[in-house]
Each structure stands twice: as structure tokens, then as C-alpha cells.
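Undergrad: Quick one, what's the 3D model for this:
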Amino acid sequence: MKTAIVTGGSRGIGRAICKRLAVDKKYHILINYQSNKEAALETLTEIENLGATGEVISFDVSDNLSVVTALTQWMDNNPSAVVEVIVNNAGITKDGLFMWMPLTDWNSVLQTSLNGFYNVTQFFIQKMLRNRYGRVINIVSVSGVKGTAGQTNYSAAKAGVIGATKALAQEVAKRNITVNAVAPGFIESDMTAELDQKELVKMIPANRFGKAEEVADLVGFLASDKAGYITGEVININGGIYS
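TA: The predicted model follows:
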């Protein structure tokens, strides 16, 4: 059973990625969620409606024990499963000016994005190396590429994942494993729902927010055999706001 795992797959960009990977019917989709089981099950229903298979799995990406326990149990229950695609999408924001930022807001944002990348990818990477095939796709952000005021924690977390992406890509390339990062700008999702779109659109050359499906299409390409010679890259998808 060839499988793709998407962390934070229950809503927004994560859900769109799950659906995009399901369209090709190449992979069984493992939809990770932390607390919103109802939304994860909605994603699963949409995947099944596309004629693909999937299941939901609950763990907190920032908690190593939670990740290892859940994934070990899943592997034990699915001994024939081969995870070929990892999409590290789970992330949180706790915005605020750095000078007033509590340590808890710093730690939780870094632990979710950066430790989350480590916890999930590290669990599978040896198996990928043995199988001599894999696709690791990390969802980062324009904030991690250029930095965003009021998001020092989020920018640091995503920049850390970008550095890890470039380094790991070099370690595993000989075994036909690619590691890339996708850096969205302003995308219509739950995470950006509170933002003033009318004002922010003025900064974007494309004159609109992006759609989650557009990010998912890029992820789908990077997950495919067509992208085998692309690795260690950070691909911006931001309507021209920064490149």
C-alpha cells in the first residue's frame, strides 16, 4: 500500500493537498489532525468521493512521543504500507511584537513547525532510504524567506525548516529522495480569515490572495515522478509579493 501522509490535513491548505494527492489515485492518504476529528473526517469523505482511499490519524506533531507512538501503531497495523510522500504542513501562528512575546508563544510555534518536521520526517526517513524512493515536501511561508514583522517566531520556525530542507536534500539525494519546500504568500484559508484582504491585496502584484488548491497543485507536482530532479529548492507561490 503506497501511502502519502499530510500533517495538519484536516483543513485549509492541508485538506486541499490531501485531495490533490488523492486525484491521481496513486496513494492511500494518511490525514493527520491534532484535535479537530470532525474536519479530518470531512477531508476523508472528500477523498473517498474522488475514488481514492485514506484514513485519519491523530497526533501532535510537536510531541515526539505522540508522533512515534501513533505512527508505530499504524505501521504495526499496516505492515505492507510504504510511505513514499511526506507533506509537513502542520503549523500554527501566535503573532505579536517580539519585545512582548511570551516564551510560550515562541516555543509552541517553533515546536510545531520545526520539531514537527523532525518528528515526522525522522520516523520515516530510514525506511525511505531503504526503499530508495521518497518525496518530502515542507510547507513553509513567505515569512520564512523574507521575514514578517509581528511574526518573529513564525518567521524563525519556517526559516529553520528551509535550512533543514536544503541540508537533508543533500544527504538523501543519491537514494532518489527529494526534499523541497513550498513557500506560500497570502492564501485564502482559516489562518488568513482575520486579515484585511482589501488592504493587503494592494501589496500583491497579482492583485488577489492565492487559493489553497493552487498550493496543492504545486505540491502534487513535487510529489510526482516528474519532479525527480528538483531537490533542495524553496518554491515561492505568492502572486509576486516577494521572490
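Undergrad: how about the helix or strand bottoming out on mean pLDDT in the chain as CSV, C-alpha atoms only?
TA: Taking mean pLDDT, DSSP states H and E as the measure, the helix or strand of the chain with the lowest value is helix 197-201, at a mean of 83. This file holds the C-alpha atoms of helix 197-201, laid out as CSV (Å, rounded to 0.1, in the frame of the first residue of the first chain):
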residue,chain,number,x,y,z
GLN,A,197,-7.8,41.3,2.4
LYS,A,198,-8.8,44.6,0.8
GLU,A,199,-5.7,46.4,2.2
LEU,A,200,-3.3,43.5,1.8
VAL,A,201,-4.2,42.9,-1.9
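Undergrad: Now do that helix: distance to the chain's middle.
TA: Remark: helix 197-201 is offset 25 Å from the chain centroid, using Cα atoms, centre = their mean, to the nearest Å.
Undergrad: Enumerate the positions of it that are buried.
TA: Across helix 197-201, burial judged by 16 or more other Cβ atoms under 10 Å covers no residue at all. No exception for glycine: its C-beta is placed from N, CA and C like everyone else's.
Undergrad: Give the next helix or strand downstream of it.
TA: Per DSSP states H and E, the first helix or strand lying C-terminal to helix 197-201 is helix 212-223.
Undergrad: From the chain's centroid, how far away is that next one?
TA: 11 Å.
Undergrad: how far out from the middle of the chain is the top helix by length along the chain?
TA: The residue-count maximum for a helix in the chain (DSSP state H) belongs to helix 152-172. Relative to the centre of its chain, helix 152-172 is centred 12 Å away, using Cα atoms, centre = their mean.
Undergrad: Packing partners of it?
TA: With contacts taken as 3 or more Cβ pairs under 8 Å, 6 or more residues apart in numbering; DSSP states H and E, helix 152-172 sits against helix 103-110, helix 116-131, strand 134-139, helix 142-146, strand 177-184, strand 234-237.
Undergrad: Show residues contacting the least confident helix or strand of the chain.
TA: By Cβ atoms under 8 Å, 6 or more residues apart in numbering, the list of residues contacting helix 197-201 from outside reads 186, 207, 208, 209.
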